[in-house]
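Asks: give the three-dimensional model of this entry:
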Amino acid sequence: MLDAFSQHPPHPYFGTQDGQLLVGGRKVSAIADDVGRTPFYVYDRAVMTRKVHELRTALPSGIEIHYAMKANPMPAVVRHFCGIVDGIDVASAGEMDVALAAGMRPDLVSFAGPGKTPAELERAVAAGIVINMESELEMRRIADIALRTGREPRVAVRVNPDFELKTSGMKMAGGPKQFGVDAERVPDLLHELASLPLEFWGFHIYSGSQNLRPDIISDAQRKTVALAIELARSAPTPVQLLNLGGGFGIPYFPGDAPLDLAPIGESLRSLLPTIHAALPQATVVLELGRYLVGESGVYVCRVLDKKISRGHVFLITDGGLHHNLAASGNFGQVIRKNYPVLIANRIGHGPRVNASVVGPLCTPLDLLADRMDLAEAEVGDLVAVFQSGAYGLTASPVAFLSHAAPSELVL
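Replies: So this is what the prediction gives:
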């Protein structure tokens with residue numbers, strides 16, 4: 001299968017016009033003029049909607065889709081997802097505030113994270129959202145809040161299974177992990193929970209992220225269902241929620257093929273009768289962040305200088321790792337690879353050159369494209385970094401060297 005960026009137009013979700021990249025149907029130079037400065041992130045609502053539609057088409061009915069907003073917590077992005085998904089998963093009280101302000105019902109918001117502060121737990125209980133408990137101590141803290149306030153918080157158990165999502169970008173389960181409660185300890189936790197003023201809601205079992213292998217994802221989902229059914233035997237009340245996690249990846253690098261959803265949908269379709277028989281009251285959820293928003297975003301910066309050092313061309317821009325750490329290769333990559341990058345106002349014509357795109361920072365790590373085949377650019381041209389909708393601005397060291405933060409907009 002060809003990789004996602006081997007065809008023209010240069011990206012499967014964006015077009016071109018008059019040699020310029022189109023985002024949200026607009027030329028990138030016009031967007032830059034409206035923003036008034038570079039760098040900036042621009043996110044396309046139509047791409048987000050299309051990703052959700054592709055999922056709903058491929059998956060069996062009855063599977064709910066939740067947006068994991070840690071991937072991109074920009075309020076306008078979250079508001080858009082609130083209208084097209086079934087729930088929002090947050091990882092801090094700050095994200096919870098954004099989700100609720102965006103209009104998501106509290107009972108459709110869940111809160112995960114291994115280090116929730118007592119103050120965050122207080123706010124979560126007061127808001128009435130589902131809390132994914134990550135330890136026995138956290139459970140007791142929530143119970144103490146319930147006793148003091150007279151509330152009965154709705155809680156789920158985040159489980160650290162004894163298997164992992166193989167070939168994942170980040171492995172979130174299997175072996176010793178800071179995430180969740182080890183599966184073998186969950187029955188004792190559930191026994192204690194039965195005596196506490198807490199409403200047991202279900203299980204959250206998240207194994208890993210950024211996976212492009214449908215067979216691996218389906219295998220992990222089958223193991224997750226089997227584990228949930230086993231643990232449910234110790235539950236004080238019927239399971240109402242089974243969060244299978246996510247892990248769906250997007251293509252970033254040459255040779256990456258888009259994730260084939262069809263086999264995952266077929267596997268889930270075959271699993272649903274088993275789930276319904278064993279857990280008849282359970283809502284089945286897929287929690288996805290990167291897959292929903294990652295391909296909707298483009299990071300745009302401007303060429304400030306062009307220099308040749310010992311025969312190699314460097315395009316020096318006003319963007320860099322302080323705004324887009326992931327694209328620089330410093331956010332989980334073991335061996336650095338280039339994100340898809342192009343000269344956004346010189347598409348499809350003119351000479352090409354092997355060049356590196358770097359930022360203004362005083363570190364050799366500030367590298368957006370390393371020896372890539374690019375259109376020959378000049379000072380003032382615009383550089384676009386695709387696949388920048390997830391873990392972009394908020395996952396970057398924006399304060400590094402005190403440069404201004406980039407703008408963000410949604411079209």
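
Asks: for whatever helix or strand residue 146 lives in, buried residues please.
Replies: For residue 146, the element it lies in under DSSP states H and E is helix 136-149. Across helix 136-149, burial judged by 16 or more other C-beta atoms under 10 Å covers 138-139, 141-143, 145-146. C-beta coordinates here come from the backbone N, C-alpha and C atoms, glycine included.

Asks: let's verify residue 202: helix, strand, or coil?
Replies: Judged by DSSP: H, G, I helix; E, B strand; the rest coil, the three-state class of residue 202 is strand.

Asks: identify the bridge partners of the closest residue to it other than its chain neighbours.
Replies: Closest residue to residue 202 apart from its sequence neighbours, by C-beta to C-beta, 6 or more residues apart in numbering: residue 241 at 3.3 Å. Here residue 241 sits in beta bridges with residue 202, residue 283, as judged by DSSP bridges.

Asks: isn't residue 241 right up against residue 287?
Replies: No: using C-beta atoms under 8 Å, residue 241 makes no contact with residue 287, being 10.9 Å away.

Asks: find residues that contact each of these two.
Replies: In terms of C-beta atoms under 8 Å, 6 or more residues apart in numbering, residue 241 and residue 287 are both contacted by the residues residue 204.

Asks: following the top strand by length along the chain, which helix or strand shows up next?
Replies: In the chain, with assignment by DSSP state E, the single longest strand is strand 297-309. Toward the C-terminus, strand 297-309 is succeeded by strand 312-317 as the next helix or strand (DSSP H and E).

Asks: what's the next helix or strand after that following strand in contact with?
Replies: Sequence order places strand 341-343 as the next helix or strand after strand 312-317, per DSSP H and E. Strand 341-343 has contacts (C-beta under 8 Å, 6+ apart) with 10, 21, 327, 357, 368-369, 372, 374-377, 381-386.

Asks: low-confidence stretches in the stretch 151-300 of the chain?
Replies: Within the stretch 151-300 of the chain, the segments meeting pLDDT under 70 span 164-177, 179.

Asks: the strands in it, which residues?
Replies: Along the stretch 151-300 of the chain, counting by DSSP state E, counting those that start in this stretch, strands occupy 154-160, 170-171, 181-182, 199-204, 208-209, 241-243, 283-288, 297-309.

Asks: can you list the domains in the chain?
Replies: Using automatic domain parsing, the domains assigned to the chain come out as 16-43+295-410, 112-288.

Asks: the last one: how far from the chain's middle?
Replies: How far domain 112-288 lies from its chain's middle: 16 Å, per C-alpha atoms, centre = their mean, to the nearest Å.

Asks: likewise for the shortest one?
Replies: In terms of C-alpha atoms, centre = their mean, the gap separating the centre of domain 16-43+295-410 from the centre of its chain is 20 Å.

Asks: please indicate which of the contacts of strand 341-343 are buried?
Replies: Buried, going by 16+ other C-beta under 10 Å: 10, 21, 327, 357, 368-369, 372, 374-375, 377, 381-386, out of the contacts of strand 341-343.
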